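[1] fold the stuff below for me.
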Amino acid sequence: MVNKKEIILALVLTGYSLCAFADTAALNDAAMKLCDKSKICIGKEMSANDEFPPEMKAMMSNMIDEICGQYMSIANLGDEHELIEPATDCLNSMANQSCDALLNSDKETAACQRYSELAENY
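    Model prediction:
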């Protein structure tokens with residue numbers, strides 16, 4: 001016979017797992033959102049400048065893929081659940097920037113500064 005404590009423990013663990021899964025899904029969505037925004041911004045930049053030869057466009061395409069890989073590596077936190085929310089906030093804050101700020105600013109967003117500070121502990 002199963003006692004009430006075992007049922008409560010199972011429900012708590014199941015709820016925690018579902019919460020972590022939902023947070024991970026939000027993190028992956030944020031990484032994809034930022035990747036898509038980066039592709040759009042770099043595409044606009046290349047379209048606005050006719051001076052890009054095909055070789056440069058190919059190099060830029062590879063760079064976009066590399067950038068997206070970096071975003072996805074942030075999204076691959078594994079068991080570091082404490083970092084999921086700050087990482088999601090960081091990626092979303094970057095995706096919400098203008099193309100000019102995203103491509104040309106050296107300043108981190110406040111959310112990314114917070115994530116960087118927390119990530120130093122891991």
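
[2] quick check on the residue most central in space within the chain: phi, psi?
    The centroid of the chain falls nearest to A31 when counting by Cα atoms, centre = their mean (3.1 Å). Torsion angles at A31 (phi, psi; degrees, to the nearest 10) stand at phi -60, psi -40.

[3] and the gap between it and K57?
    24 Å (Cβ to Cβ, to the nearest Å). For the C-beta atoms, the positions are set from N, CA and C on the backbone; glycine is no exception.

[4] in the protein, where is pLDDT below threshold?
    By pLDDT under 70, the weakly predicted segments of the chain are 1-22, 74-75, 77-80.

[5] just to revisit the earlier point, was I right to think the residue nearest to the centre of the chain contacts M72?
    Yes: between A31 and M72 there is a contact under Cβ atoms under 8 Å: 5.3 Å.

[6] follow-up on the earlier one: could you measure from the residue nearest to the centre of the chain over to I42?
    Taken as Cβ to Cβ, the span from A31 to I42 is 16 Å.
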